[in-house]
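Engineer: Predicted structure and sequence below. I'll ask about it afterward.
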Amino acid sequence: MEDHISPMNYEAFIRRAHGCTREQKGASCDYFRNLQTTESGWLKLTGIGSADKQLTAIKGHLAKAIQAFLKPRRGRKLTADEAEQLAGLQLSIERSYGSADLIPLIRRGLDITQPYKEA
């Protein structure tokens, strides 16, 4: 069964962090979906790069999103506990080996940042 939720969670986390559209900051769920299908062997497009290259890019987008959360923006200021949890999350993201490792980390990031969800 294809996983449609994880790419949407990725997009939601990036967009929540930056307050951007899906076309900005690497937020499009297509990036995560492409990684998943490349890892599974279903996607053979040379233009998007290897799974390792895609994973590195996604980790970079997630790291920038966490950094955006850690900087106060538009009245948003994380509690010390939230900041500590996001710092630990960033370390876990850096150590991940694929999309399957990232899925629970992204969900955790959404849980931590739920108070900052924009309507």
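Structural biologist: That came through fine.
Engineer: Which strands or helices does the longest helix that the chain contains pack on?
Structural biologist: Counting residues, the longest helix in the chain under DSSP state H turns out to be helix 51-70. Applying 3 or more CB pairs under 8 Å, 6 or more residues apart in numbering; DSSP states H and E, we find helix 51-70 packed against helix 5-18, helix 29-40, helix 80-94, helix 99-112. For every residue, glycine as well, the C-beta is placed using N, CA and C.
Engineer: taking the mean pLDDT, what do you get for the longest one?
Structural biologist: With pLDDT averaged residue by residue, helix 80-94 scores 95.
Engineer: Same check on the shortest one?
Structural biologist: Mean pLDDT, taken over the full extent of helix 29-40, equals 91.
Engineer: repeat for the last one
Structural biologist: In this model, helix 99-112 has a mean pLDDT of 96.
Engineer: for the first one, same thing?
Structural biologist: With pLDDT averaged residue by residue, helix 5-18 scores 93.
Engineer: Now find how far off-centre it is within its chain.
Structural biologist: Offset of helix 5-18 from its chain centre (CA atoms, centre = their mean, to the nearest Å): 6 Å.
Engineer: buried stuff in it?
Structural biologist: Ser6, Pro7, Asn9, Tyr10, Glu11, Ala12, Phe13, Ile14, Arg15, Arg16, Ala17, His18 (16 or more other CB atoms under 10 Å).
Engineer: what residues are up against the third one?
Structural biologist: When the contact criterion is CB atoms under 8 Å, 6 or more residues apart in numbering, the partners of Asn9 are Ile103, Ile106, Arg107, Leu110.
Engineer: Among the residues you listed, which one lies nearest to Ala65?
Structural biologist: Of all these, Ala65 sits closest to Ile106, with 9.7 Å by CB to CB.
Engineer: Give the full set of residues in contact with that closest one.
Structural biologist: Counted by CB under 8 Å, 6+ apart, Ile106 has contacts Ser6, Asn9, Tyr10, Phe13, Leu62.
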